[in-house]
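Colleague: Generate a structure from the sequence data that follows.
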Amino acid sequence: MEEKEIFEAETVGEGTEKVGNTETENCETENCGTEIHEVENHETESHETENEENGETGKAVPKPSVPAVPQKTEWLLAALLFLAAYVYYNCMIPSPWLEKLMEQGVRVNYGILMSIFTLLFIIAALYYGNKKGRKPGKESWLYLVLTAAAALWILIFINSVQPIGFYVVFFLHGAAVYWLAVLAGKRRGNALDEWAISDLGRGLFSIPFSNYGKLLSTAGNLGQCLVRSKRENSKKFSQILLGVGLSLPVLCIVLPLLVSADRGFARVIFNILDSFAGGFSFRPWADLTMTLLIAMYLFGMFFGMFNGPDVTQKKRTAFSQVVMVSFLMVFVAVYCLFFAVKVAGISGAMEQIEAGTLWTSTYARDGFFELCWIAAINFLMFSLVKWYSPRAARLMKITLSLLGVQTLAFICLAFSRMGLYISTYGLTFKRVFTCWFMGILFITFGLLMAELWKKFNGLRVAVMIGAVSFLALAYSDMPAWMTAYNTSFQAGRAVECQKVSGGDYMSILYEGREYVPFCAIDPRCRGDYLGYMEEDEDDRVYEFEGYSGQEWIINYLDSGLMNDCMLYKEISVTESPEGLSSEYEWNQ
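Modeller: Below you'll find the predicted structure:
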């Protein structure tokens with residue numbers, strides 16, 4: 001009986017060996033490494049066989065290595081975004097080869113590079129969205145048009161003298177990121193609503209940095225797929241190092257013999273050594289590092305947008321409307337008192353301006369910044385009420401309407417101050433931009449009030465009006481029409497100034513004050529046009545940008561042959577502008 005059991009065990013062992021040999025022969029005859037699933041099947045079978053054999057002996061079996069699944073979509077996305085990151089980095093710091101092209105007269109400027117980056121950004125978004133089943137809708141195309149319009153402005157006008165270019169660049173970044181959020185369906189309200197600022201903040205900061213390492217993971221996946229077995233890879237690499245190491249001693253003997261035998265070969269070797277010794281530069285590595293960091297940011301943004309969790313807010317916490325009405329009524333009462341004080345103080349402010357104790361610019365700026373704070377607070381209250389009380393009662397609507405009317409009144413008050421400023425000194429970019437911003441605020445709160453009584457997305461309409469009007473303002477060539485307005489406006493208001501001799505110098509008399517020469521100044525420091533010298537309209541007087549005309553003025557003479565620009569100070573002024581000093585000993 002025992003002999004029979006031993007015989008059966010030996011027979012089973014032989015059978016197992018035959019099965020193992022048969023599997024080995026089959027694996028050798030078939031192509032087991034061409035496709036991923038064949039490799040997986042073969043490794044699974046071999047590990048199962050090892051488990052059966054080692055199960056009898058009791059030895060620990062290592063876990064099988066699972067081959068990486070190729071992420072080809074992410075590979076291509078990473079390549080596109082790495083190229084886009086390189087272009088974006090060159091927008092800020094041009095590479096040496098780009099600087100050489102510019103020196104040779106090739107027109108490669110910030111506008112061209114930013115437009116190329118925008119194009120790559122759009123291509124990458126459409127490609128990845130298509131692979132993820134996200135096709136652009138009507139709203140998505142609208143934001144894409146705004147993004148393309150901003151990029152086109154940068155391409156055409158970025159080198160022109162237009163201060164709005166800085167704001168257009170910011171508009172481009174915001175429009176592109178918000179378009180990507182719309183395409184990926186990653187908006188909290190799933191519409192352009194009060195959550196728009198939060199959606200934009202998440203797209204610019206939260207999502208990219210929370211997925212910052214995804215590009216490295218994709219690169220690791222590519223490496224694993226190129227070399228499927230880490231064990232084989234390390235073995236081959238060690239063999240390569242061994243071969244190179246064995247060749248070094250022989251090379252040290254052979255190279256001197258070859259160098260002494262041929263001068264031409266010696267020159268080639270010495271040139272190679274010199275290039276390695278003196279040609280090393282830190283700049284390419286710095287460029288590569290910065291490009292990689294930007295690419296990781298972009299890839300994290302795209303990956304998080306299309307693969308992140310759903311952020312749509314579905315549940316809303318409702319507050320008691322009595323509590324919210326009571327809360328809002330406190331603000332309504334405080335605003336009424338504040339507005340009454342401001343209106344009562346207008347006459348006193350006008351008297352101070354006429355007496356010279358209050359500058360018109362200070363009066364206008366203070367009103368604008370007060371308005372910005374009030375508008376921000378009131379917009380937040382509108383948003384909170386809309387979110388936590390979507391079905392507002394009639395009393396709630398009336399209270400919010402009162403709050404909106406007060407906001408419109410504050411906007412009108414701030415606009416009147418800015419109108420006084422413009423009527424005194426004319427137009428500049430900041431004044432035009434401030435007026436545009438206050439106009440958009442007026443439209444926004446008007447639509448928010450209308451939204452209380454009629455169901456529609458008023459904020460979306462306001463944002464569209466703001467975006468389109470901003471681009472229209474940018475495309476309108478602001479310097480040209482501002483100059484035309486100021487010329488016609490100031491022609492009838494220019495004051496004739498007078499130059500008088502002060503012995504060693506010529507002083508200027510303007511509005512009863514005497515100004516003495518201080519130093520030469522860059523013509524770009526000129527502010528508002530004040531007047532001209534003794535019937536010579538080419539000899540003009542301007543404000544010193546950023547300083548009061550009661551203390552500093554600029555005399556600019558455009559004779560056609562040469563331009564003379566001199567800074568003058570009011571004779572009693574003792575403090576000098578930062579970075580400037582008088583060219584005259586008697587005036588220091």
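
Colleague: In a helix, Ile554, correct?
Modeller: No - counting by DSSP: H, G, I helix; E, B strand; the rest coil, Ile554 falls outside a helix, being strand.

Colleague: Look up how far Glu578 lies from it.
Modeller: 17 Å (Cβ to Cβ, to the nearest Å). Where you see a C-beta, it was placed from the backbone N, CA and C, and this is true even at glycine.

Colleague: So which of these two has more stuff around it?
Modeller: Ile554 (25 against 5; other Cβ atoms under 10 Å).

Colleague: Model confidence score at the more buried one, please.
Modeller: Listed pLDDT for Ile554 reads 91.

Colleague: so it makes contact with Arg524?
Modeller: No - between Ile554 and Arg524 there is no contact under Cβ atoms under 8 Å: 10.5 Å.

Colleague: Tell me which helix or strand the residue sitting nearest the centre point of the chain sits in.
Modeller: The structure's the chain has its C-alpha centroid closest to His173; by Cα atoms, centre = their mean the separation is 4.5 Å. Assigning secondary structure by DSSP states H and E places His173 in helix 165-184.

Colleague: Let me have the following helix or strand past that helix in PDB, keeping just the CA atoms, if that works.
Modeller: Counting by DSSP H and E, the element after helix 165-184 in chain order, helix or strand, is helix 196-201. Listed next in PDB are the C-alpha coordinates belonging to helix 196-201 (Å, rounded to 0.1, in the frame of the first residue of the first chain):
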ATOM      1  CA  ALA A 196     -17.400  81.900 -11.200                       C
ATOM      2  CA  ILE A 197     -14.600  83.400  -9.200                       C
ATOM      3  CA  SER A 198     -14.300  80.200  -7.100                       C
ATOM      4  CA  ASP A 199     -14.200  78.200 -10.300                       C
ATOM      5  CA  LEU A 200     -11.500  80.400 -11.700                       C
ATOM      6  CA  GLY A 201      -9.500  80.200  -8.500                       C
END
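
Colleague: Show me which positions of helix 196-201 end up buried.
Modeller: Going by neighbour count (16 or more other Cβ atoms under 10 Å), the buried part of helix 196-201 is Ala196, Ser198, Asp199, Leu200.

Colleague: next SSE after it?
Modeller: Trace forward from helix 196-201 with DSSP H and E and the next one is helix 207-210.

Colleague: ok, and for that following helix, which residues are buried?
Modeller: Buried residues in helix 207-210 (16+ other Cβ under 10 Å): Ile207, Pro208.

Colleague: And the contacts of it?
Modeller: Lys186, Tyr297, Leu298, Gly300, Met301, Gly304, Met305, Gly308 (Cβ atoms under 8 Å, 6 or more residues apart in numbering).

Colleague: My guess is the fourth one contacts Leu216. True?
Modeller: No - in this structure Gly300 lies outside contact range of Leu216 using Cβ under 8 Å: 10.3 Å.

Colleague: Which of these two has more residues huddled nearby?
Modeller: Gly300 (20 against 13).

Colleague: does the more buried one sit in a helix or strand, and which one?
Modeller: Counting by DSSP H and E, Gly300 is part of helix 283-307.

Colleague: Helix 165-184 and that helix, what's the angle between them?
Modeller: Helix 283-307 runs at 40 degrees relative to helix 165-184, counting by axes from the mean of the first three to the mean of the last three Cα atoms, to 10 degrees.

Colleague: Show me the contact partners of helix 283-307.
Modeller: 74, 77-78, 81-82, 84-86, 88-89, 93, 95-96, 121, 124-125, 128-129, 132, 134, 177, 180-181, 183-184, 186, 203, 207-216, 218.

Colleague: how about 6 Å then?
Modeller: 78, 81-82, 85-86, 88-89, 95, 128, 132, 180, 184, 186, 207-208, 211-212, 214-215 (Cβ atoms under 6 Å, 6 or more residues apart in numbering).

Colleague: Give me the below-cutoff pLDDT ranges for the stretch 251-400 of the chain.
Modeller: Low-confidence segments of the stretch 251-400 of the chain (pLDDT under 70): 273-281, 313-318, 356, 390.

Colleague: One more pass at 80, please.
Modeller: Where the stretch 251-400 of the chain drops to pLDDT under 80, the residues are 251-255, 257, 259-283, 312-320, 353-357, 359-361, 386-392.

Colleague: which residues of it fall in strands?
Modeller: For the stretch 251-400 of the chain, applying DSSP state E, counting those that start in this stretch gives no strands.

Colleague: Quick one: the helices in it, in order.
Modeller: 263-278, 283-307, 321-344, 346-355, 360-388, 394-425 (DSSP state H, counting those that start in this stretch).

Colleague: Any chance of CSV for those, columns distance to Ile158?
Modeller: As requested, the helices of the stretch 251-400 of the chain are exported to CSV (distance: least, Cβ to Cβ, whole Å):
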stretch, distance to Ile158
helix 263-278, 38
helix 283-307, 20
helix 321-344, 41
helix 346-355, 39
helix 360-388, 28
helix 394-425, 27
